[in-house]
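K.L.:
Here is a sequence with its predicted model. Questions after.
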4 protein chains.
Amino acid sequence: MDSHTMAEKARKRRDPEERRAEILAAAFSLFSERGFAATRIEDIATRAGIAKGTVYLHFPDKEALFTSLAAGMASPILARMSAMTASDAMAPKTIIAGLYALAESEILGTDRRHMLRLLISEGQFFPVVAEFYHRNVLSVGLGMLRQVLQRAAERGELRNPALAAMPQLIFAPILMSVIWKSLFEPYEHLDTKALFETFLETLFLPSEGEDS
Amino acid sequence: MDSHTMAEKARKRRDPEERRAEILAAAFSLFSERGFAATRIEDIATRAGIAKGTVYLHFPDKEALFTSLAAGMASPILARMSAMTASDAMAPKTIIAGLYALAESEILGTDRRHMLRLLISEGQFFPVVAEFYHRNVLSVGLGMLRQVLQRAAERGELRNPALAAMPQLIFAPILMSVIWKSLFEPYEHLDTKALFETFLETLFLPSEGEDS
Amino acid sequence: MDSHTMAEKARKRRDPEERRAEILAAAFSLFSERGFAATRIEDIATRAGIAKGTVYLHFPDKEALFTSLAAGMASPILARMSAMTASDAMAPKTIIAGLYALAESEILGTDRRHMLRLLISEGQFFPVVAEFYHRNVLSVGLGMLRQVLQRAAERGELRNPALAAMPQLIFAPILMSVIWKSLFEPYEHLDTKALFETFLETLFLPSEGEDS
Amino acid sequence: MDSHTMAEKARKRRDPEERRAEILAAAFSLFSERGFAATRIEDIATRAGIAKGTVYLHFPDKEALFTSLAAGMASPILARMSAMTASDAMAPKTIIAGLYALAESEILGTDRRHMLRLLISEGQFFPVVAEFYHRNVLSVGLGMLRQVLQRAAERGELRNPALAAMPQLIFAPILMSVIWKSLFEPYEHLDTKALFETFLETLFLPSEGEDS
DNA sequence: TATGAATGAGTTTTCATTCAT
DNA sequence: TATGAATGAAAACTCATTCAT
């Protein structure tokens, strides 16, 4: 069995899980580039290096491709967030700062930001996806934030303790950045690092020993 | 030409501007409901009470319909914003509060919120629109906000004076609200009034004579 | 307006009813030749001298084409039968003989026999069609036959009076002939005239003054 | 090679003839239910408990499946008919009565009636099948009937001796019944026993010692 | 201007058949 | 032999756009 044979094998008869992942990766990049409606199944197949029909061996239809993608996107981010907020030892401000750093490196700095835009765009027409995200991502994420903000409020670290009741506000600048990057970055650069930093300093009082 | 004939004409040959406006209104409601791709020209025509072909007498193609719509949306909002921030007499906090009130009553509370979502969704694929908005809406709006925030900073009213350099943050909760309403409102209500209030109190120090 | 212009006109913008009829005619000939499944909408369009999409302006889908065709087929035959059996003046044997003559000239001798075969073949998968035929053709036709046979029985003209209770038997040789012509005629000719004549003489006693 | 291995083998490598028969049985039931075009090879394989590709080890293509099936159906029926008409000892009326009883119990009362309908439906598009049936079933069957009817005519038992020249008429009510059962039975029951009985009494004079 | 019938390119989805394992 | 993943030709149906009236 020489390497040629192996390469051949690599093209045919992949492990189903791998194949599925390849298709999802192709779909991801195309949906990101062009949006859901403008992406043809055939393009996805081509980008995945397979034939059109093969896509249908793994996904019943185009919608399933989108919903699988959306669902698959969530867990890694959630896991990170969870890991981050779990430790009571960390100061709330540090946790939120970490969240923004995560958003920058894992979403805004990667193709995943396209996916987030896609969820914003198409979510409304895929109630399954919206509900999934609300239940599995937002509820969980907001719950974690609420705890962190609550702790911060109790420790007197928040400029406005009422923030603990509105954890959605924490997400607002992330969404804003995603949208800005998608639409306006070519015309005007947005310094998200500075944006998050400014926002953080608006939410939290300066730590002791910190210069304002 | 008797009155009957005139009545006929009246139904047929409308004032072109009015016709155009009717078509745009129909397009607006359908794009809002279903998105750009899922809206058929024929549906727009039907809703406008005219024939399919007539749409093409007023707009060269489907894209033009969208871009015209997008451009047309901007001016009224801009005018309001402009009127509001113009007066140096008003306190910055009052101005921003007014902006949020405007967002609530004129965007979130109306079908216009769908259009904003549509701009977020489709804008990327319509660079003309994105550029138009950046030049005519964002630049102007952010410029005005920067001035207001600058003034607030000078008057010592901001919790974090650095905010003046990041006027985009002012928009963030509005975008967040639009997205939330579109996707998650059926699953969990968002109290935007409280959201904006909380955000406002986070940005600004309490006015004198105000209870914290 | 010269004849060229008229010919042009003839190709475009036909009277909708005429167009519909042309499409049905094309569908009829193709379904007859190839069966329902093997006929492509595009072929129907081509044969009707129009574009694929035009078919869909007149019929919502392929099934509707078939059901319309089936429904449309029925009425002329029914009218003929009705006219024939209506007159009490005619002798029952003459009426049935006329029915077979009609079957020969109007069904077996024309393309309509293909349609009858088609109904036999596909009817099961189009319950709408089967029900339509049962209600509007069979019930009516069998009712008429029952009356005629009843009258014949009362007049002592039937070899077996019990026939009046089984009018379906009258149709049996027609169906048999249609099937034979479709499948076996190339291998062995069936003389339907003789077949019907023989059957008729089997059902009825010889008229007076007739040689057996 | 222990018994376990043998059991494995037994499940995998069946006797080819048995395998073939299983596939045909599966094809039969599916063609009957859905028709030729609407039956997928994969469904046949599944119902036969094998993989799709295996079907192709036994039959070159879908058509071959149908023609094999059609050919295979013929012989048992033919054998029965043959056995029945062979005995000169039996009265012609009894023989024909037996034929109808056979048709009722072996065709109309079983799934085979679907197959007969299928032959009627699809036969035209499978000349091989039509020719096979004409040569091996019809010619033979009609020949036998012709003899029986000839004998009946000579014995003066037929109402109309000319029937001997039109043995196809004997089949007519069977075909009629198959078609009725397929299409109209849900809307109106057909009593085939009575139908055949009535037809028989129409063909034959009452036997002596029989009440009319 | 207004109409809406007509067009046909474009897209999704299916399924008979092949072939590497 | 047996498998079932892979293929890609084929077909139904859609809809932006055109154009004769």
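P.N.:
Happy to help now that I have it.
K.L.:
Can you list the residue ranges for helices in chain A?
P.N.:
A:3-11, A:16-34, A:41-48, A:52-58, A:62-86, A:92-102, A:112-122, A:127-133, A:139-154, A:168-183, A:192-203 (DSSP state H).
K.L.:
Would you format these as CSV with mean neighbour count and distance to residue B:184 included?
P.N.:
In short, each C-beta sits where N, CA and C put it, glycine included. As requested, those are arranged in CSV below (neighbours: other Cβ atoms under 10 Å in any protein chain shown; distance: least, Cβ to Cβ, whole Å):
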stretch, mean neighbour count, distance to residue B:184
helix A:3-11, 10, 43
helix A:16-34, 18, 21
helix A:41-48, 18, 28
helix A:52-58, 15, 30
helix A:62-86, 16, 14
helix A:92-102, 19, 19
helix A:112-122, 22, 11
helix A:127-133, 18, 7
helix A:139-154, 18, 10
helix A:168-183, 23, 10
helix A:192-203, 19, 22
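K.L.:
Which one of those lies nearest to chain D?
P.N.:
Shortest distance between chain D and those, using Cβ to the nearest Cβ, is found for helix A:52-58: 11.8 Å.
K.L.:
So is the closest one next to DNA strand E?
P.N.:
Yes - using Cβ under 7 Å from any atom of the strand, we find that helix A:52-58 touches DNA strand E at A:52-53, A:56.
K.L.:
will you turn those into TSV that also has pLDDT and distance to chain D?
P.N.:
Shown next, in TSV, are the residues of helix A:52-58 next to DNA strand E (pLDDT from 0 to 100; distance: Cβ to the nearest Cβ, whole Å):
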residue	pLDDT	distance to chain D
A:52	96	18
A:53	96	13
A:56	97	13
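K.L.:
and the residue of chain A nearest DNA strand F?
P.N.:
Per Cβ to the nearest atom of the strand, residue A:53 is where chain A lies closest to DNA strand F, at 1.7 Å.
K.L.:
Run through the residues of chain A sitting next to DNA strand F.
P.N.:
A:11-14, A:16, A:19, A:50-54, A:56-58.
K.L.:
Could you let me know which of those residues ends up closest to chain B?
P.N.:
The nearest one, if we look at the residues of chain A next to DNA strand F relative to chain B and count by Cβ to the nearest Cβ, is residue A:52, at 20.7 Å.
K.L.:
Verify the stated contact: that closest one with residue A:43.
P.N.:
No - using Cβ atoms under 8 Å, residue A:52 makes no contact with residue A:43, being 9.6 Å away.
K.L.:
before we move on, the earlier item: show me which pair in the residues of chain A next to DNA strand F is furthest apart.
P.N.:
Largest separation among these by Cβ to Cβ: A:11 and A:56, giving 18.8 Å.
K.L.:
quick one, what contacts the one residue in chain A that gets nearest to chain C?
P.N.:
Nearest residue of chain A to chain C: residue A:61, at 19.4 Å (Cβ to the nearest Cβ). If you count contacts by Cβ atoms under 8 Å, 6 or more residues apart in numbering or on different chains, residue A:61 has none.
K.L.:
and it, what pLDDT?
P.N.:
According to the prediction, residue A:61 has pLDDT 95.
K.L.:
worst-scoring helix or strand of chain A, pLDDT-wise?
P.N.:
helix A:3-11 (a mean of 41; mean pLDDT, DSSP states H and E).
K.L.:
rewinding a little: which of the helices of chain A has the lowest average pLDDT?
P.N.:
Sorting those by mean pLDDT places helix A:3-11 lowest, at a mean of 41.
K.L.:
mind giving me the domain split of chain A?
P.N.:
A:1-59, A:63-203 (automatic domain parsing).
K.L.:
Quick one, which of these gets closest to residue C:202.
P.N.:
When these are compared for distance to residue C:202 using Cβ to Cβ, the nearest one is domain A:1-59, at 58.2 Å.
K.L.:
gap between the closest one and the chain center?
P.N.:
Computed by Cα atoms, centre = their mean, to the nearest Å, the chain-centroid distance of domain A:1-59 equals 22 Å.
K.L.:
Tell me which residues touch the closest residue to residue A:81 other than its chain neighbours, please.
P.N.:
Using Cβ to Cβ, 6 or more residues apart in numbering or on different chains and skipping residues adjacent in sequence, the residue nearest residue A:81 is residue A:141, 5.9 Å away. Taking Cβ under 8 Å, 6+ apart, we find residue A:141 in contact with A:78, A:81, A:171.
K.L.:
Could you save those residues as a markdown table and add columns showing distance to residue D:175?
P.N.:
Below are the contacts of residue A:141 laid out as a markdown table (distance: Cβ to Cβ, whole Å):
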| residue | distance to residue D:175 |
| --- | --- |
| A:78 | 67 |
| A:81 | 73 |
| A:171 | 73 |
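K.L.:
of all those residues, which comes closest to DNA strand E?
P.N.:
Closest to DNA strand E, out of all of the contacts of residue A:141 and judged by Cβ to the nearest atom of the strand, is residue A:78, at 28.7 Å.
K.L.:
Could you pull up the residues touching the nearest residue to the closest one once chain neighbours are set aside?
P.N.:
Spatial nearest neighbour of residue A:78, chain neighbours left out: residue A:137 (5.9 Å); criterion: Cβ to Cβ, 6+ apart. If you count contacts by Cβ under 8 Å, 6+ apart, residue A:137 has them with A:74, A:77-78.
K.L.:
From residue A:70, how far off is residue A:137?
P.N.:
Residue A:137 sits 10 Å away from residue A:70, going by Cβ to Cβ, to the nearest Å.
K.L.:
got it, and residue A:100?
P.N.:
23 Å.
K.L.:
ok, and what's touching stretch A:14-34?
P.N.:
For stretch A:14-34, contacts defined as Cβ under 8 Å, 6+ apart pick out A:39, A:43-45, A:47-50, A:54-55, A:58-59, A:65-66, A:68-69, A:72, A:111, A:114-115, A:118, B:125.
K.L.:
out of these, who's near chain D?
P.N.:
By Cβ under 8 Å from any Cβ of the partner chain, no member of those lies near chain D.
K.L.:
separation between residue A:101 and residue A:144?
P.N.:
16 Å.
K.L.:
ditto for residue A:55
P.N.:
Taking Cβ to Cβ, one finds residue A:55 at 36 Å from residue A:144.
K.L.:
again, but for residue A:42
P.N.:
41 Å.
K.L.:
Then residue A:104?
P.N.:
19 Å.
K.L.:
same deal with residue A:78?
P.N.:
When residue A:78 is compared with residue A:144 (using Cβ to Cβ), they lie 10 Å apart.
K.L.:
Surely residue A:104 and residue A:191 touch.
P.N.:
No - using Cβ under 8 Å, residue A:104 is not in contact with residue A:191; the gap is 10.8 Å.
K.L.:
neighbour count winner among the two?
P.N.:
residue A:104 (18 against 12; other Cβ atoms under 10 Å in any protein chain shown).
K.L.:
who's in contact with residue A:134?
P.N.:
Contacts of residue A:134 by Cβ under 8 Å, 6+ apart are B:183-184, B:187-188.
K.L.:
Quick check: of those residues, which lies closest to residue A:164?
P.N.:
Nearest to residue A:164 among the contacts of residue A:134, with distances taken as Cβ to Cβ, is residue B:188, at 17.0 Å.
K.L.:
ok, that closest one - contacts?
P.N.:
With contact set as Cβ under 8 Å, 6+ apart, residue B:188 has these partners: A:134, A:138-139.
K.L.:
And those residues, which is closest to residue A:159?
P.N.:
residue A:138 (24.5 Å).
K.L.:
Okay, the residue of chain A closest to DNA strand F and residue C:37: tell me how far apart.
P.N.:
For residue A:53 relative to residue C:37 (Cβ to Cβ), the value is 21 Å.
K.L.:
How about residue A:59?
P.N.:
For residue A:59 relative to residue C:37 (Cβ to Cβ), the value is 27 Å.
K.L.:
So those two - more neighbours on which side?
P.N.:
Applying other Cβ under 10 Å to residue A:59 and residue C:37 shows that residue A:59 carries more neighbours, namely 20 against 17.
K.L.:
Correct me if wrong: the more buried one contacts residue A:65.
P.N.:
Yes - the criterion here is Cβ under 8 Å, and residue A:59 meets it with residue A:65 at 4.9 Å.
K.L.:
Excluding chain neighbours, what is closest to residue A:177?
P.N.:
Using Cβ to Cβ, 6+ apart and skipping the chain neighbours, the partner closest in space to residue A:177 is residue A:192 (4.8 Å).
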